[in-house]
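Q: A predicted structure for the sequence below; I have some questions about it.
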Amino acid sequence: MLGRVNHVAIAVPDLAAATAAYRDTLGATVSAPQALPEHGVTVVFVELPNTKIELLQPLGTDSPIAAFLEKSPSGGMHHICYEVGDILVARDQLIRGGARVLGNGQPKIGAHGKPVLFLHPKDFFGTLIELEQV
Ligand SMILES: CC[C@H](C(=O)O)C(=O)SCCNC(=O)CCNC(=O)[C@H](O)C(C)(C)COP(=O)(O)OP(=O)(O)OC[C@H]1O[C@@H](n2cnc3c(N)ncnc32)[C@H](O)[C@@H]1OP(=O)(O)O
Ligand SMILES: [Co+2]
């Protein structure tokens, strides 16, 4: 089922400061900010040779990462995104296996313009998993 790691996400309180740290201190290439109101976040991607780092900050009043940042005000590792071939086949297989798919179970379009789903962190050892169809 699982393909490459598409990205590892870090929730941050200040996206501009995090962008500057990765760009200026770590010397990385960082994309322009993308506001994703339907997901309640603004994101940038740090380009790496073998994967990406997604830096994300809350957008709007009902962000799904607000509670996370309340618990970890300086930020922290938020989720890992694995690539899958057919996200509906993956979803149905996971549900049959007892995993909880977050939201209404229907994929939404993510930052890369591809369908994504999220799996509950409590089902995967305290790690929020995102699946992205490629
Ligand atoms: C799709 C666009 C973009 C992309 O890559 O293209 C993105 O990745 S957007 C990313 C932002 N969107 C999401 O994260 C959507 C899925 N997330 C959620 O639905 C919520 O964040 C949820 C349900 C995982 C947690 O929501 P909330 O924190 O409000 O609920 P609880 O406080 O009840 O948390 C339950 C339980 O889970 C623990 N938790 C929460 N977040 C995480 C996390 N990121 N990693 C690990 N564990 C997490 C939380 O501490 C609670 O644990 P407990 O022991 O019960 O206190
Ligand atoms: Co993501």
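A: Nice, thanks for sending it over. Ligands and ions are numbered 1, 2, ... in the order given.
Q: where does residue 2 land on pLDDT?
A: Per-residue pLDDT puts residue 2 at 98.
Q: OK, contacts around the residue of the chain most remote from its centre?
A: Here the chain reaches farthest from its C-alpha mean at residue 96, the gap being 23.6 Å by C-alpha atoms, centre = their mean. Listed by C-beta atoms under 8 Å, 6 or more residues apart in numbering, residue 96 has no contact partners. Glycine gets a C-beta too; all of them are placed from N, C-alpha and C.
Q: Tell me the predicted confidence for it.
A: pLDDT at residue 96 comes out at 98.
Q: List the buried residues in the helix or strand hosting residue 91.
A: Secondary structure from DSSP states H and E places residue 91 in helix 87-96. Buried residues in helix 87-96, defined by neighbour count with 16 or more other C-beta atoms under 10 Å: 87, 90, 91, 94.
Q: Make CSV out of those and add distance to ligand 1.
A: Converted to CSV, those look like this (distance: C-beta to the nearest ligand atom, whole Å):
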residue, distance to ligand 1
87, 12
90, 16
91, 14
94, 15
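Q: ok, and does the longest strand along the chain reach over to ligand 1?
A: Counting by DSSP state E, the longest strand found in the chain is strand 76-84. Yes - against ligand 1, strand 76-84 shows contacts by C-beta under 6 Å from any ligand atom at 78, 79, 81.
Q: residues in contact with the closest residue to ligand 1 within the chain?
A: Ligand 1 sits closest to residue 110 of the chain, with a gap of 2.8 Å, by C-beta to the nearest ligand atom. Each residue near residue 110 by C-beta under 8 Å, 6+ apart is listed here: 36, 39, 116, 130, 132.
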